[in-house]
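Engineer: Pasting a predicted model and its sequence here:
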Amino acid sequence: MAWTEKDIPDLSGRTAVVTGGNGGLGFQTALALAGAGAHVVLAARDPEKTANAEARIRERYPAASMEVVPLDLGDLSVVAAAADAVLAAHERVDLLVNNAGVMAMPPRTTADGFEMQLGVDHLGHWAFTAHLLPVLLRAPAARVVTVTSTARFMGGLLDPADPHMRRRYRAWGSYARAKWANYHFGLGLQQRFAQAGVGAASLIAHPGLSNTDLQARTVREGGGGWVGAFAEVLTARSGMTPLEGARPQLRAATDPAARGGELYAPRFGSHGPPVKRPILRRFDLQKQIDRLWEVSERETGIPLVIS
């Protein structure tokens, strides 16, 4: 039988942090984890939307254990403050789901001057994960799940000489590059966990074609062009529900049989139940991982070292 959220084991006593947990895939992830007994930290930017998400989860699960931590991945000072709040409140974190992101935005920069999509989708998560390493490593078997996308195949890889696309910005090329960064980050983090001999594991997931507000926001923001408009219509007509789209990251986060370095995705690429998919071993995979580490540490000034 196909894996669903009903297969999530009892998570009582575990703490889960979900970025972007106030909408779309993140909300469905937070809802399912809360329903399985985890204490869920909703780490998200919009206070009103987050309060609404918390109320909806409590309506479904009145006994749910939750807290809210304001998180703007586009501002490293806010990322650090959010991580400090988690560190102060929790001795350990068992699950971190790096879910939040933006897609095909017009040219914009973060508070730190990063190109918006690379800054929010990757560099913000890089910093948040690095700050949370102490509590992740205190858990006996923590998992970090980073959400990528098949859209990574739509564009090129990270250019260390121009990571913020200042020479030539392309909305979809930037998104593809950010999703490659998510992919390489998840794999690189697992390498470092394994090298350090710690119990934590890093996995990656992608949701396939899922009908969330992500596509509509791209159109509202005016960055996706005709491709964005087409994607919005396509997902509205044939996309999976947000719950179906969240299942790969939920399985990566909770399936006892899942292992570090694995990718979970819909069985048929854009649709279907969540299954383990092969990691495509590009000839330059290690080069791309090492390049990402170099650029991420240089741009954020935050080393990600497991010791």
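Structural biologist: Everything's here; your move. Residues are numbered from 1 along each chain as shown.

Engineer: Now find how far off-centre stretch 288-301 is within its chain.
Structural biologist: Its chain's C-alpha centre and that of stretch 288-301 lie 18 Å apart, by Cα atoms, centre = their mean, to the nearest Å.

Engineer: Neighbours of residue 5, how many?
Structural biologist: 19 (other Cβ atoms under 10 Å). All C-beta atoms are positioned from the backbone trio N, CA, C, and that covers glycine.

Engineer: Go ahead and confirm it touches residue 244.
Structural biologist: No: the pair residue 5 / residue 244 is not scored as a contact, 10.0 Å apart, by Cβ atoms under 8 Å.

Engineer: quick one, helices of this protein?
Structural biologist: 24-35, 47-60, 76-89, 116-117, 124-138, 171-196, 213-221, 225-238, 242-254, 285-300 (DSSP state H).

Engineer: Tabulate the ones you listed (TSV), appending mean neighbour count, distance to residue 13 and mean pLDDT.
Structural biologist: Shown next, in TSV, are the helices of the chain (neighbours: other Cβ atoms under 10 Å; distance: least, Cβ to Cβ, whole Å; pLDDT from 0 to 100):
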stretch	mean neighbour count	distance to residue 13	mean pLDDT
helix 24-35	26	13	97
helix 47-60	15	18	98
helix 76-89	18	15	98
helix 116-117	26	36	96
helix 124-138	22	14	98
helix 171-196	22	22	95
helix 213-221	18	32	56
helix 225-238	14	37	54
helix 242-254	27	14	97
helix 285-300	17	33	97
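
Engineer: Output the ones you listed as CSV; include the columns distance to residue 203.
Structural biologist: Supplementary listing: these in CSV, determined by distance: least, Cβ to Cβ, whole Å:
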stretch, distance to residue 203
helix 24-35, 13
helix 47-60, 24
helix 76-89, 20
helix 116-117, 22
helix 124-138, 13
helix 171-196, 6
helix 213-221, 21
helix 225-238, 25
helix 242-254, 4
helix 285-300, 15
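
Engineer: tell me, how many neighbours does residue 71 end up with?
Structural biologist: Residue 71: 27 neighbours (other Cβ under 10 Å).

Engineer: so it makes contact with residue 131?
Structural biologist: No: with contact defined as Cβ under 8 Å, residue 71 does not reach residue 131; the gap is 11.1 Å.

Engineer: intersection of neighbour lists for the two?
Structural biologist: residue 79 (Cβ atoms under 8 Å, 6 or more residues apart in numbering).

Engineer: dump the residue contacts of the nearest residue to residue 131 once chain neighbours are set aside.
Structural biologist: The shortest distance from residue 131 to any non-neighbouring residue, by Cβ to Cβ, 6 or more residues apart in numbering, is to residue 83 (3.3 Å). The contact partners of residue 83, by Cβ under 8 Å, 6+ apart, come to 127, 128, 131, 132.

Engineer: Ok, residue 149 next?
Structural biologist: Residue 149 touches 175, 179, 182, 206, 207, counting by Cβ under 8 Å, 6+ apart.

Engineer: Out of the residues you listed, which comes closest to residue 31?
Structural biologist: residue 207 (15.1 Å; Cβ to Cβ).

Engineer: Give me the distance between the closest residue to that closest one other than its chain neighbours and residue 263.
Structural biologist: Leaving aside its chain neighbours, residue 207 sits nearest to residue 245 (3.7 Å; criterion: Cβ to Cβ, 6+ apart). Using Cβ to Cβ, to the nearest Å, we find residue 245 at a distance of 15 Å from residue 263.

Engineer: cool, and residue 58?
Structural biologist: 33 Å.

Engineer: and what of residue 203?
Structural biologist: Distance from residue 203 to residue 263, by Cβ to Cβ: 7 Å.

Engineer: which residues do the two both contact?
Structural biologist: With Cβ under 8 Å, 6+ apart, residue 203 and residue 263 have common neighbours residue 186.

Engineer: Which residue of the two possesses the greater neighbour count?
Structural biologist: residue 203 (26 against 20).
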